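Colleague: got a sequence here, can you model it:
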Amino acid sequence: EALLPDDPKAIQVDAFVSSQHVDPVYHAGRTYYVVPDGPPGQRPFSVLREGLRAADKHGVARVVMARRELLVLIRPLGRLIAMTVLEYPQRVRSHLE
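Modeller: Residues are numbered from 1 along each chain as shown. Model (predicted):
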C-alpha cells in the first residue's frame, strides 16, 4: 500500500526517448488506449500528446493497474495516446543465451 502512488489514475513519466530508441523486444504485447479523465484532463492530455508528436519522442512511464506498478511506453496515436506495457531488461532473455 505504501509503495502505490497517491493518485492511482496518474501516469508518471520518467523519461522521454527518441521514437526509435526502445527495442520492440521489450514490448510485453499489451497496448492500451489512454484518454483524458473528463474535461479537466483535456488540456494536459492534449499538451502531452502534441508535445510527443512534435518532438518525435515517446515517454517511458510508470502506471498502476490492478494494484501493480507497470513500466510503459506512451506514444501519440491519432487523437489518443497508446500505452504499451514494457518488460524490465532483467526479464528479457538475451539473444545470446
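
Colleague: so who does the closest residue to Leu77 other than its chain neighbours touch?
Modeller: Using CB to CB, 6 or more residues apart in numbering and skipping the chain neighbours, the partner closest in space to Leu77 is Tyr33 (7.3 Å). Heads up, the C-betas are built off the backbone N, CA and C, glycines and all. Tyr33 makes contacts with Leu77, Leu80, Ile81, Ala82, Met83, as judged by CB atoms under 8 Å, 6 or more residues apart in numbering.

Colleague: what's the answer for Leu80, then?
Modeller: Shown in contact with Leu80 (CB under 8 Å, 6+ apart): Tyr33, Val34, Val35, Arg49.

Colleague: go with 6 Å
Modeller: Tyr33 (CB atoms under 6 Å, 6 or more residues apart in numbering).

Colleague: how far away is it from Tyr26?
Modeller: Here Leu80 is placed at a distance of 21 Å from Tyr26 (CB to CB, to the nearest Å).

Colleague: rewinding a little: pLDDT wise, what is the residue nearest to Leu77 at?
Modeller: pLDDT recorded at Tyr33 is 94.

Colleague: for Glu69, same thing?
Modeller: Listed pLDDT for Glu69 reads 85.

Colleague: thought Gln42 was touching Arg49?
Modeller: No: using CB atoms under 6 Å, Gln42 makes no contact with Arg49, being 10.6 Å away.

Colleague: which one of those two is surrounded by more residues?
Modeller: With neighbours defined as other CB atoms under 10 Å, Gln42 and Arg49 compare such that Arg49 has more, 20 against 12.

Colleague: now do the strands in the chain.
Modeller: For the chain, the strands defined by DSSP state E occupy 12-18, 27-34, 57-65, 68-77, 80-86.
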